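K.L.:
got a predicted model here, sequence first, then my questions.
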Amino acid sequence: MNTKLVESLLQVILSLSDEERSLLEEKLFFDSSEPSTSDLMQLAQTGGAFQFLNDEPDIYSLKDGETI
């Protein structure tokens, strides 16, 4: 572990203005190259991987008394 690097980074972060810290937090925690939840949902809907579920019979109904 590079303790000197961590200490140096901490000193730099502590020296930032509030505006600069906010920008750093935004970059660290909100800028992500990972797909969003809505991107994954759209892929699941349009990708065809779950198309087989359309052929499954409806085995539950409101009359069953179970939550659907």
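P.N.:
Sure, I can see it. As the structure is a prediction and not an experimental result, all values here were calculated from the model.
K.L.:
count the neighbours of residue 21 for me.
P.N.:
Number of residues near residue 21 (other CB atoms under 10 Å) recorded here: 13. Placement of C-beta: from N, CA and C, glycine included.
K.L.:
show me the contacts for it.
P.N.:
Contact partners of residue 21, counting by CB atoms under 8 Å, 6 or more residues apart in numbering, are residue 13.
K.L.:
how far away is it from residue 15?
P.N.:
Note on residue 21: its distance to residue 15, by CB to CB, to the nearest Å, is 10 Å.
K.L.:
before we move on, what about residue 30?
P.N.:
Counting by CB to CB, the separation of residue 30 from residue 15 is 22 Å.
K.L.:
now swap in residue 45 and tell me
P.N.:
47 Å.
K.L.:
report pLDDT for residue 34.
P.N.:
Residue 34 carries a pLDDT score of 80 in this model.
K.L.:
now it: which helix or strand?
P.N.:
Per DSSP states H and E: residue 34 is located in neither a helix nor a strand.
K.L.:
from here on, call the first residue 759.
P.N.:
That works, and once the first residue is 759, the last one we named lands at residue 792.
K.L.:
what about it, how many neighbours?
P.N.:
By other CB under 10 Å, the residues close to residue 792 number 7.
K.L.:
try the one 3 residues further on
P.N.:
When neighbours are counted by other CB under 10 Å, residue 795 registers 8.
K.L.:
how about residue 768?
P.N.:
For residue 768, the count of nearby residues is 10 (other CB under 10 Å).
K.L.:
what does residue 815 give?
P.N.:
Look at residue 815: counted by other CB under 10 Å, it has 5 neighbours.
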